[in-house]
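> Got a sequence here, can you build the structure:
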Amino acid sequence: MKKLVVLRGFADRDDFAKKYQVGDAVEFQDGNRIADLINRGLCKEVKNNGNGFAKISLFDNEYDRESIFAALKNCDVKAPANISAEKLIEKINQLDEETIARLQKALEEHNL
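Here you go, the predicted structure:
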């Protein structure tokens, strides 16, 4: 079973009434289903960096929580320290384009 995070909302293929929202954490056992969701850009696999802390995928890259929080602070965006990765991605997706561009630049500078 692999844990994924939803990047674009979608309906379950077997139960159309069940909707997956951006930022939701989901788990699937079917390897073909997992590959399909990732290939279609609907989900991304949650990876563990070996010390118990998951990397968070943003802007076609992976960052640790500390880097993301530093970049958010740099952009005057507040997020609680105990926010889940899924909710953090959801919060970032709700930012305006200008703030997202500043966040992306701050992340790139922080990871040099």
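
> Okay, domains of the protein per the record?
2-45, 63-110 (automatic domain parsing).

> what's the span of the first one, first residue to last?
With C-alpha to C-alpha, to the nearest Å as the measure, domain 2-45 spans 7 Å from end to end.

> wait, what's in contact with the nearest residue to Asp24 once chain neighbours are set aside?
Spatially, and ignoring its direct neighbours in sequence, Asp24 is nearest to Val6 (4.5 Å; C-beta to C-beta, 6 or more residues apart in numbering). For the C-beta atoms, the positions are set from N, CA and C on the backbone; glycine is no exception. Taking C-beta atoms under 8 Å, 6 or more residues apart in numbering, we find Val6 in contact with 20-26, 42-43, 86.

> Surely Gly23 and Gln94 touch.
No: using C-beta atoms under 8 Å, Gly23 makes no contact with Gln94, being 9.6 Å away.

> So the two - more neighbours on which side?
More crowded of Gly23 and Gln94, by other C-beta atoms under 10 Å: Gly23, with 20 against 11.

> how far away is the more buried one from Glu109?
Using C-beta to C-beta, to the nearest Å, Gly23 is found at 25 Å from Glu109.

> For the residue nearest to Asp24, give the beta-bridge partners.
Taking DSSP bridges, one obtains Cys43 as the residues bridged to Val6.

> Equivalent analysis for Val26, please.
Counting by DSSP bridges, Val26 forms beta bridges with Leu4.

> got the buried residues for the helix or strand Gln104 falls within?
Gln104 is located in helix 97-110, with elements delineated by DSSP states H and E. Within helix 97-110, the residues scored as buried using 16 or more other C-beta atoms under 10 Å are 100, 102-104, 106-107.

> Thanks a lot, catch you later.
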